[in-house]
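Engineer: got a predicted structure plus its sequence, pasted below:
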Amino acid sequence: MTEQGAAIVVKPGAVRFDDLVRVLAGQPVVLDSSFWPRVEAAAEIVAKAAQADVPVYGINTGFGKLASKRIPPDQTALLQRNLIVSHCCGVGPATPEPIVRLMMALKIVSLGRGASGVRREVIEQLQAMLARRVYPLVPQQGSVGASGDLAPLAHMTAVMIGEGQAIVDGGIVPGSEALAAAGLAPLTLGPKEGLALINGTQFSTAYAISGVLRAFRLARAALVTGALSVDAAMASTAPFRPEIQALRGHAGQIAAAATLTALLDGSDIRLSHLEGDERVQDPYCLRCQPQVAGAALDLITQAARGLIVEANAVTDNPLVLVETGEIVSGGNFHAEPVAFAADSLALALSEIGAISERRIATLVDPALNFGLPPFLTPDPGINSGFMIAEVTAAALYAENKQRALACSIDSTPTSANQEDHVSMAAHAARRLSDMADNLAAILGIELLVAAQGITLRAPHATSAPLVAVIAALREHVPALGADRYMAGDLAKAAALIEADALPAAAIAALPSDPFPRLD
C-alpha cells in the first residue's frame, strides 16, 4: 500500500500487516487505479451472464438450497436487495468500529482483485463510506464461517443500499440517514453484487487479524515481565544460553532466549548469587520461558502468515475468471484457514497467560521466592500485599484456558444441509479480543509483582533495560507499601502492557532492538 492524501492506496495481493494496522487506527483506503480495468472486465462478464438463458448460480438463480430456482432479468435488482435484508439476522453487541473498518477495507481488497464481478460503483461506495466515517452497525453474532460471514457482511451491505443501521459520530442512525448526512446515495445492486458482498470471510478475518496483532504485542510484553520475574526470584539465566536453544532449533525459542538474555544482561541481582546459591534448578515457569514463549511466538507467526494471505484473498462465490470469461462455483468462502489460525492464537494467548500466572504465584509465595516477604508486602500480616492480585491472575487464566478450546472442530450443518460443514471462524476469532484483554491484565499483574520483588532486592539492582521498564511503571504506579486500593494499579499496569510500553522502555536503554518482529 501507499498513501494518497489521508487514504491508503491498496494493491490487492500485496497488502501487509503495517497497512492493516493503519486501517485499524482509522485511515480509509482506496483501490489502486491499475486494478479498475480488471474489475470492470469481470463486471461485464457478469452483466452478459445475467441476460443469458444459461443458469449461473447467484446471478440468475436463487441462493443456497434455492439455487435451482431461475430468476428473470427484470427481477435481478430485487433478488440482490432481498438477499441482503433477509440475511441481516445478526444478534448481540455491535462490532467495535476498528474491526468494522478493517472488514470494509478487506472487502475492498477482495473485490478489487477483479474476480467477483461487481461494478466499480460498489467498491467506490465502500471507499466513500470509509472516508466519511459511515460505519455500519454490525452485530457480533450470527456467522458460522461458511458460506462466508453472511449475516455480518449483510449488515455491512445493508447500509450501502440505504437499509440497516450505521454508527455516525458515536450515535446509531438508520442507514439511509447516515448516507444522506455523508452526501452519499443508496446503491442499487446489480447481478451478483449482493452475493459478492456477503459471501466472504472478511468479518472473521478482521477479528483474527486484530487478534494476531494483539497476541504478538502481548508476547513481546511477556518477555519483559518474564525477565523481570527472573531477577525478582533471583533465578538463573543459564537456561537462556544460545547453545541450548540452537540444539533444539525452533526459531521462536531461539528468539525468545535472545531477548531474555539481552534484557537481563548486566543485572547486579544476577551477579549477586552466581556463587553460594544452594538451588540447583529453577521452576519451569522461569527456566522454560524460551521453550514456552518461543512456541507461542511460532504459533502466532504461523497464524499471521495464513491471515495475511486471507487478507489478500478473493473469498466470495461464484468467481469470475476474466482470462477465460468463465463464471465458476467453488468454496473460497469456507473460513477454515481463519478458524485454524484463530484456534492457534487462542492456544498461544492461553499458554502465555498460564506460565505468567505461575511466575506470579512463585513470587508471592515465601516458600518459593527465595527470601522475599509473603505476598511481597514489606509488613505482612497487617497487610495482604499482592495476595488477591495473584488470585485475579488465576481467575483470568482459567477463563482463557476454557476459551482456548478449539472452535474449528465444532461444525453444525445449516441451510437445509446444503451448507453441511462450516468453520465456526467468526466466534473463533471474536473470542480472541476477550482473551487478549485477560492476558493483558495477567501480564500487568506480573509487571507489578515482579517490579515489587526487584525493589525488595535492594541494594542490588536489575539490568539497565529492566530499570527503565520499572521507571516507566513508576510514572503511573508507585511501589506498594501499606495496602491500598489495588484495582486502579492493575488497570494502569494492563494499559502499559497494551500500549507496548514495556518493550519501548527497554529498547531505549539498549544499543539495539532485541525483540522479535512480525513481518
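Structural biologist: It's in. Numbering: from 1, shown residues only.
Engineer: next SSE downstream of the helix or strand containing S356?
Structural biologist: Take DSSP states H and E as the rule and S356 turns out to sit in helix 336-364. Downstream of helix 336-364, the first helix or strand assigned by DSSP H and E is helix 387-403.
Engineer: tell me what the helix or strand following that following helix is packed against?
Structural biologist: Once the chain leaves helix 387-403, the next helix or strand it forms, by DSSP H and E, is helix 425-455. If you count contacts as 3 or more Cβ pairs under 8 Å, 6 or more residues apart in numbering; DSSP states H and E, helix 425-455 packs onto strand 139-141, helix 202-232, helix 336-364, helix 387-403, helix 464-474, helix 487-498. Just so you know, the C-beta spots here come from the backbone N, C-alpha and C atoms, and that holds for glycine as well.
Engineer: helix 425-455 vs helix 202-232, what angle?
Structural biologist: Put simply, helix 425-455 runs at 20 degrees to helix 202-232, going by axes from the mean of the first three to the mean of the last three Cα atoms, to 10 degrees.
Engineer: distance from helix 425-455 to the middle of the chain?
Structural biologist: Distance of helix 425-455 from its chain centroid, counting by Cα atoms, centre = their mean, to the nearest Å, is 14 Å.
Engineer: between the two ends of stretch 63-76, how far is it?
Structural biologist: 13 Å (Cα to Cα, to the nearest Å).
Engineer: any idea of the mean pLDDT for that stretch?
Structural biologist: The average pLDDT for stretch 63-76 rounds to 77.
Engineer: need the residues that contact that stretch.
Structural biologist: Residues outside stretch 63-76 that contact it (Cβ atoms under 8 Å, 6 or more residues apart in numbering) are 50-51, 55, 57-62, 79, 83, 147, 190-191, 195, 415-416, 418-419.
Engineer: name the residues of that stretch that are buried.
Structural biologist: Within stretch 63-76, the residues scored as buried using 16 or more other Cβ atoms under 10 Å are 63, 71, 76.
Engineer: check stretch 245-260 too.
Structural biologist: Neighbour-count burial for stretch 245-260 [16+ other Cβ under 10 Å]: 245, 252-260.
Engineer: do the same with stretch 501-519
Structural biologist: 501-507, 509-510, 514-516, 518.
Engineer: what's the farthest-apart pair in those residues?
Structural biologist: By the measure Cβ to Cβ, A509 and L518 form the most distant pair in the buried residues of stretch 501-519, at 22.6 Å.
Engineer: picking that back up, packing partners of the helix holding S356?
Structural biologist: If contacts are counted by 3+ Cβ pairs under 8 Å, 6+ apart, helix 336-364 sits against helix 202-232, helix 284-287, helix 289-311, helix 387-403, helix 425-455.
Engineer: so what does the third one touch, helix or strand wise?
Structural biologist: Where contact means 3+ Cβ pairs under 8 Å, 6+ apart, helix 289-311 is packed against helix 17-25, helix 202-232, helix 242-248, helix 251-264, helix 336-364.
Engineer: right, and those helices - which one's nearest T462?
Structural biologist: Closest approach to T462 among those (Cβ to Cβ): helix 202-232, 4.6 Å.
Engineer: looking at the helices and strands packed on helix 289-311, which is buried most?
Structural biologist: Most buried of the helices and strands packed on helix 289-311 by mean neighbour count (mean count of other Cβ atoms under 10 Å) is helix 202-232; its value is a mean of 28.
Engineer: and the direction of that one versus that of helix 17-25, what angle?
Structural biologist: With the same axes, to 10 degrees defining the directions, helix 202-232 sits at 100 degrees from helix 17-25.
Engineer: helix 202-232 relative to helix 336-364, how many degrees between them?
Structural biologist: 20 degrees.
Engineer: hmm, back to that, which one of the helices and strands packed on helix 336-364 is the most hemmed in?
Structural biologist: helix 202-232 (a mean of 28).
Engineer: report the angle between the axes of it and helix 487-498?
Structural biologist: 110 degrees.
Engineer: mean confidence for helix 202-232?
Structural biologist: pLDDT averaged over helix 202-232 gives 98.
Engineer: same deal with stretch 399-413?
Structural biologist: Mean pLDDT, computed over stretch 399-413, is 94.
Engineer: got the end-to-end distance for that stretch?
Structural biologist: 28 Å.
Engineer: who touches it?
Structural biologist: Outside stretch 399-413, the residues that touch it by Cβ under 8 Å, 6+ apart are 144, 336, 339-340, 342-343, 346-347, 349-350, 353-354, 419-425, 427-428, 431, 434-435, 438-439.
Engineer: how far off centre is stretch 410-418?
Structural biologist: Between the centre of stretch 410-418 and the centre of its chain there are 27 Å (Cα atoms, centre = their mean).
Engineer: and the nearest residue to D365 once chain neighbours are set aside, how many neighbours does it have?
Structural biologist: Using Cβ to Cβ, 6 or more residues apart in numbering and skipping the chain neighbours, the partner closest in space to D365 is P374 (7.8 Å). Other residues lying near P374 total 17 when counted by other Cβ atoms under 10 Å.
Engineer: just the pLDDT for P374.
Structural biologist: So, for P374, pLDDT stands at 97.
Engineer: contacting residues around it?
Structural biologist: Neighbours of P374 in contact, by Cβ under 8 Å, 6+ apart: 364-366, 380, 385.
Engineer: make JSON lines out of those and add distance to R287.
Structural biologist: Shown next, in JSON lines, are the contacts of P374 (distance: Cβ to Cβ, whole Å):
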{"residue": "V364", "distance to R287": "19"}
{"residue": "D365", "distance to R287": "17"}
{"residue": "P366", "distance to R287": "20"}
{"residue": "P380", "distance to R287": "27"}
{"residue": "G385", "distance to R287": "25"}
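Engineer: among those residues, name the buried ones.
Structural biologist: 364, 385.
Engineer: find the residue closest to the residue most central in space within the chain in space, skipping its chain neighbours.
Structural biologist: The centroid of the chain falls nearest to G211 when counting by Cα atoms, centre = their mean (1.4 Å). Setting aside the residues directly before and after it, G211 is nearest to L432 in space (Cβ to Cβ, 6+ apart), at 3.1 Å.
Engineer: I figured that neighbour hits A206, correct?
Structural biologist: No - counting by Cβ atoms under 8 Å, L432 stays clear of A206, with 11.2 Å between them.
Engineer: which residues of this protein score low on pLDDT?
Structural biologist: 1-5, 64-65 (pLDDT under 70).
Engineer: ok so, going back, I'd say the residue nearest to the centre of the chain and L439 touch.
Structural biologist: No - the pair G211 / L439 is not scored as a contact, 11.0 Å apart, by Cβ under 8 Å.
Engineer: hang on, the earlier thing: among the helices and strands packed on helix 289-311, which is nearest V118?
Structural biologist: Nearest to V118, of all the helices and strands packed on helix 289-311, is helix 202-232, at 13.9 Å by Cβ to Cβ.
Engineer: angle of the helix holding S356 against helix 387-403?
Structural biologist: Angle of helix 336-364 versus helix 387-403, following the same axes, to 10 degrees, is 160 degrees.
Engineer: between helix 251-264 and helix 336-364, find me the angle.
Structural biologist: Angle, helix 336-364 to helix 251-264, by the same axes, to 10 degrees: 30 degrees.
Engineer: specify the local secondary structure of I167.
Structural biologist: strand (DSSP: H, G, I helix; E, B strand; the rest coil).
Engineer: burial measure for it, as a count.
Structural biologist: 20.
Engineer: over to P96?
Structural biologist: A total of 17 residues lie near P96 under the criterion other Cβ under 10 Å.
Engineer: do T315 as well
Structural biologist: 27.
Engineer: ok but it is inside a strand, no?
Structural biologist: No - going by three-state DSSP, the assignment for T315 is coil, not a strand.
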